[in-house]
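Q: For reference, the sequence and a predicted model appear below.
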Amino acid sequence: MALRIAIIGSGPAGLMAAETLAPHAQVDLYEHGRHIGRKFLVAGQGGFNLTHDVEGDALLQHYSPQGFLDEALLAFGPKELRAWLAEVGVETFVGSSGRVFPRKGTKPVDVLERIRQRLLQRKVEIHVQHVFTGFTRTGHVLMENTDGSFPLEADHVIFALGGASWPVTGSTGIWPSLFSAIDVDVLPFRSSNCGVEIAWPTAFIAAHEGKPLKNVRCSAGTRSAWGEATITKHGLEGNAIYPVVPALREGAPELRIDLKPESTAVRLVERIGNKADKHFGEAVGLNRAQLALVKAFTAKEVFATPQRFAEGIKDLHLPVSGLRPIGEAISTVGGIPVQALNADFSFKQWPHLSVIGEMVDWDAPTGGFLLQGCFAMGRWAGRALLAKLGIHTGN
């Protein structure tokens with residue numbers, strides 16, 4: 001009898017697991033919506049970063065908890081992912097920031113369609129509008145479709161249901177109670193890669209909402225990132241903010257901003273020279289929004305001398321009152337604790353069940369690292385399952 005594997009969830013982790021297993025097993029891919037891979041389509045709205053052009057330790061340092069995804073990422077890193085994408089007909093290129101994109105003119109829907117065609121060629125059975133509804137007392141999976149409820153017939157089930165970010169894609173985070181019913185501990189979801197909340201002075205936000213803070217370094221706790229932040233009515237968001245969110249989530253009370261990270265304080269003082277205090281900002285190249293930010297969050301004494309001003313804009317402190325809600329976050333942490341899983345992402349308690357992707361409590365910044373992590377988990381879970389069953393893939 002042929003090996004039968006069920007995969008529930010059709011995000012990047014589930015799609016990769018299906019592709020990996022299909023040549024060696026009968027694979028059924030279940031999706032509760034009408035279409036597979038909806039998170040691909042939303043992910044592409046802000047620039048479709050498929051992965052990032054870093055390898056080895058430089059790649060691993062972007063993921064937490066440390067060590068959890070190391071084997072999966074080293075076995076199927078950006079180089080391997082790009083080679084696989086080329087194999088399915090998606091050529092990629094490396095942008096100036098190191099982020100990897102599909103070639104010009106290739107849309108997220110095109111990438112998804114090429115992956116879908118790959119799955120169909122490998123005889124994956126795709127079942128849409130099939131909803132996971134829970135477990136029997138013995139850990140067997142229950143499903144529901146338009147015809148009613150039924151138990152899932154499979155030798156192994158891989159869950160890839162997503163976290164709780166971007167609920168429009170189907171990642172609604174409603175599954176924890178179903179796993180709790182079979183005594184699997186589930187951690188509460190929390191926002192990651194999200195905006196931070198800052199209580200702006202009324203006059204400041206009225207004048208500067210929507211304006212960017214370009215080429216700045218943002219820090220919190222021991223984390224730091226250089227990039228751009230956008231002023232929103234709630235606070236700040238952007239690629240200089242997201243990497244420091246973990247520190248703020250764990251209790252760091254404030255965000256520190258270096259408005260001129262390319263210059264030292266000494267160099268800034270030299271640029272100011274003998275100019276009057278009202279011209280300090282212009283002398284060092286601050287725009288109106290940046291100068292207004294300095295005035296709103298520092299004492300007047302910062303303009304007393306060029307030295308004080310230079311030190312102030314190199315280390316501007318902004319009190320953070322919270323993070324933006326999960327529904328606005330790019331990703332979430334929480335879900336299945338890593339301690340509940342074996343090295344192959346199967347449950348220690350229920351070895352016939354595995355879980356991959358954002359369902360698990362791991363974290364990474366934007367810029368391609370999230371998708372890379374999900375793809376790597378899908379590949380690793382598929383290969384590990386085949387190896388456990390004595391099936392050699394040859395790769």
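A: Received the coordinates, thanks.

Q: any idea of the mean pLDDT for the longest helix seen in the chain?
A: Across the chain, the helix with the greatest residue count (assigned by DSSP state H) is helix 369-388. Averaging pLDDT along helix 369-388 gives 96.

Q: for stretch 97-108, same thing?
A: For stretch 97-108, mean pLDDT is 91.

Q: Contacts made by it with the rest, please.
A: 40-41, 43-44, 47-54, 78, 82, 85, 90-95, 110-111, 367-368 (Cβ atoms under 8 Å, 6 or more residues apart in numbering). Using the backbone N, CA and C atoms, a C-beta is placed for each residue, glycine as well.

Q: Where does the prediction get shaky in the stretch 101-250 of the chain?
A: The stretch 101-250 of the chain contains residues with pLDDT under 70 at 166-173.

Q: swap the cut-off to 80 and go again
A: Residue ranges of the stretch 101-250 of the chain with pLDDT under 80: 165-173.

Q: Do you have the helices of it handy? List them.
A: 108-121, 176-180, 202-208, 245-249 (DSSP state H, counting those that start in this stretch).

Q: I391: which of those helices is closest?
A: helix 108-121 (18.8 Å; Cβ to Cβ).

Q: Same question for that closest one: list its buried residues.
A: 108, 111-116, 118-119 (16 or more other Cβ atoms under 10 Å).

Q: From those, pick the one nearest K295.
A: Using Cβ to Cβ, P108 comes nearest to K295 of those, at 41.7 Å.

Q: distance of the closest one from G368?
A: 14 Å (Cβ to Cβ, to the nearest Å).

Q: and what of P151?
A: 39 Å.

Q: The two: which has the busier surroundings?
A: G368 (26 against 11; other Cβ atoms under 10 Å).

Q: what sits against the more buried one?
A: 49-52, 78, 99-100.

Q: Save the residues you listed as TSV, and put in secondary structure, distance to G67 and neighbour count too.
A: Below are the contacts of G368 laid out as TSV (DSSP: H, G, I helix; E, B strand; the rest coil; distance: Cβ to Cβ, whole Å; neighbours: other Cβ atoms under 10 Å):
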residue	secondary structure	distance to G67	neighbour count
N49	coil	24	22
L50	coil	24	24
T51	strand	20	28
H52	strand	19	25
P78	helix	19	24
R99	strand	25	20
V100	strand	24	24
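
Q: Quick one: which of those residues has the lowest pLDDT value?
A: N49 (88).

Q: Would you list the phi and psi of the closest residue to that residue other than its chain neighbours?
A: Once flanking residues are discounted, N49 sits nearest to G368: 3.8 Å by Cβ to Cβ, 6 or more residues apart in numbering. The phi/psi pair for G368 (degrees, to the nearest 10) reads phi 110, psi -10.

Q: Check the model's average confidence along the host helix or strand of A58 for me.
A: Using DSSP states H and E, A58 sits within helix 56-60. Averaged across helix 56-60, pLDDT comes to 96.

Q: Tabulate the CA atom coordinates of that helix in CSV.
A: This file holds the C-alpha atoms of helix 56-60, laid out as CSV (Å, rounded to 0.1, in the frame of the first residue of the first chain):
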residue,chain,number,x,y,z
GLY,A,56,25.9,29.9,7.0
ASP,A,57,26.2,31.7,10.3
ALA,A,58,25.2,35.0,8.7
LEU,A,59,21.9,33.4,7.9
LEU,A,60,21.4,31.6,11.2
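
Q: Give me the helices and strands touching it, please.
A: helix 70-75 (3 or more Cβ pairs under 8 Å, 6 or more residues apart in numbering; DSSP states H and E).

Q: Buried residues, the helix or strand just after the helix it packs on. List them.
A: Going down the chain from helix 70-75, the next helix or strand is helix 78-87, by DSSP H and E. The neighbour-count check on helix 78-87 (16+ other Cβ under 10 Å) flags 78, 80-82, 84-85 as buried.

Q: Check which residues of the very next helix or strand once past helix 78-87 are buried.
A: Following helix 78-87 in sequence order, the next helix or strand is strand 92-94 (DSSP H and E). If you call a residue buried by 16+ other Cβ under 10 Å, then strand 92-94 has these buried ones: T92.

Q: Okay, now the sheet partners of strand 92-94, with direction.
A: Strand pairing for strand 92-94, using DSSP bridges, gives strand 99-102 (antiparallel).

Q: Give the full set of residues in contact with the residue nearest the centre of the chain.
A: Closest residue to the average C-alpha location of the chain: L370 at 3.8 Å, with Cα atoms, centre = their mean. L370 makes contact with 193, 330-331, 358, 364, according to Cβ under 8 Å, 6+ apart.

Q: again, only using 7 Å
A: Neighbouring residues of L370 by Cβ atoms under 7 Å, 6 or more residues apart in numbering: 331, 364.

Q: Check the spacing between it and R38 real quick.
A: Taking Cβ to Cβ, one finds L370 at 15 Å from R38.

Q: nearest spatial neighbour of D344, skipping sequence neighbours?
A: On the basis of Cβ to Cβ, 6+ apart, the spatially nearest residue to D344 that is not a chain neighbour turns out to be A384, at 3.4 Å.
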